[in-house]
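Undergrad: Fold the following, please.
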Amino acid sequence: MDTTFFRILPELENYILRFYELDFKSVITTKKSIILHNEILRVMGEDKLRLLHCDLRYVASLEEALKSSDFDFKKPTLFYSECVVNYLRPNE
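TA: Got it, this is the predicted structure:
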């Protein structure tokens with residue numbers, strides 16, 4: 001489970017931001033359950049963390065996931081990719 005959001009949040013507390021994490025449905029479901037059952041993590045993620053499931057091999061899946069979560073395509077956006085390219089074939 002990637003903990004980037006929880007590690008960087010203290011450094012970004014003075015900024016208005018949303019952190020969108022995308023992964024396979026099984027990973028996101030497990031992570032949501034862990035967060036919901038831990039009061040500290042739940043409070044930290046409140047209003048800032050969006051956990052979305054999608055298959056990054058398919059652009060439509062990514063776009064659909066972001067649109068369903070009030071992602072603003074006009075705002076400045078930073079995409080951070082940790083290890084995802086290791087799992088994709090060159091044509092993907």
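Undergrad: hang on, residue 57 is in a strand, isn't it?
TA: No. With DSSP: H, G, I helix; E, B strand; the rest coil as the criterion, residue 57 is assigned coil and is not in a strand.
Undergrad: So for it, what's the nearest residue that isn't a sequence neighbour?
TA: Nearest non-adjacent residue to residue 57, counting by CB to CB, 6 or more residues apart in numbering: residue 92, 4.5 Å away. C-beta here means a position set from N, CA and C on the backbone, and glycine is covered the same way.
Undergrad: And that neighbour, how far from residue 27?
TA: For residue 92, the distance to residue 27 equals 18 Å [CB to CB, to the nearest Å].
Undergrad: When those two are compared, which one has more neighbours?
TA: residue 27 (15 against 10; other CB atoms under 10 Å).
Undergrad: Can you point out the buried residues in the helix or strand where the more buried one lies?
TA: For residue 27, the host element (DSSP states H and E) is helix 25-36. Within helix 25-36, the residues that count as buried by 16 or more other CB atoms under 10 Å are 28, 31, 35.
Undergrad: What lies in contact with it?
TA: Residues outside helix 25-36 that contact it (CB atoms under 8 Å, 6 or more residues apart in numbering): 1, 21, 22, 23, 41, 42, 45, 49, 51, 52, 53.
Undergrad: Average pLDDT for the helix or strand hosting the third one, rounded please.
TA: I take that to be residue 22. In this assignment (DSSP H and E), residue 22 forms part of strand 19-23. Averaged across strand 19-23, the pLDDT comes to 90.
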